[in-house]
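Undergrad: Take a look and give me a structure for this.
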Amino acid sequence: EVQLVESGGGLVQAGGSLRLSCAASGSIANVMAWFRQAPGKDREGVSCVDTRDSDTYYADSVKGRFTISTDPAKKTVYLQMNNLQPGDTALYYCAAVWYCHSTHGPSVEMDYRGRGTQVTVSS
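TA: Numbering: from 1, shown residues only. As a prediction, the model looks like this:
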């Protein structure tokens, strides 16, 4: 099974930026997603990408601020996060999912996921 390892999280002030990385031990799956989980809140599909046609999805809460990208040569998926706000505080993890719908987002079903990286945004 492919292993995913996230990095790039940390503590940042509101308005700041972070770039999360998701490194795969094997080839990147056709459909990759970033999720986040904050204490007491439901898991949220933040963004996803279908590498076969480059279709992407962004949750309304991050649209215009976050950008997902992939580097197949480095077997890495990125999430560039700009203008971070306290509401973005969560554990972020990447996953190989079954599909990425341009309107509804990533599937609930996933083949494998990483352990996550913590993002904390102070006001």
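Undergrad: which SSE is the spatially most central residue of the chain in?
TA: In the chain, the residue lying closest to the centroid (Cα atoms, centre = their mean) is W34, at 2.3 Å. When elements are assigned from DSSP states H and E, W34 belongs to strand 31-37.
Undergrad: Please name every helix or strand in contact with that strand.
TA: strand 18-24, strand 44-50, strand 66-71, strand 76-81, strand 90-97, strand 100-101, strand 105-106 (3 or more Cβ pairs under 8 Å, 6 or more residues apart in numbering; DSSP states H and E). All C-beta atoms are positioned from the backbone trio N, CA, C, and that covers glycine.
Undergrad: Go through the ones you listed and name the closest to T120.
TA: Among these, strand 90-97 comes nearest to T120, with 8.7 Å by Cβ to Cβ.
Undergrad: thinking again about what came up before, so what are the sheet partners of the strand holding W34 and their directions?
TA: strand 44-50 (antiparallel), strand 90-97 (antiparallel) (DSSP bridges).
Undergrad: who's in contact with the longest one?
TA: Yep, that's strand 90-97 we're talking about. Identification of contacts with strand 90-97 by Cβ atoms under 8 Å, 6 or more residues apart in numbering yields 2, 4, 6, 9, 20, 22, 29, 31-38, 41, 44, 46, 48, 77, 79, 106-107, 109-119.
Undergrad: at 6 Å instead, please
TA: The contact list for strand 90-97 (Cβ atoms under 6 Å, 6 or more residues apart in numbering) reads 4, 6, 20, 22, 29, 31, 33-38, 77, 106-107, 110-114, 116-119.
Undergrad: Now do that strand and strand 76-81, the angle between them.
TA: 140 degrees (axes from the mean of the first three to the mean of the last three Cα atoms, to 10 degrees).
Undergrad: quick check, distance from strand 90-97 to the centre of its chain.
TA: Centroid separation for strand 90-97 versus its chain: 5 Å, with Cα atoms, centre = their mean, to the nearest Å.
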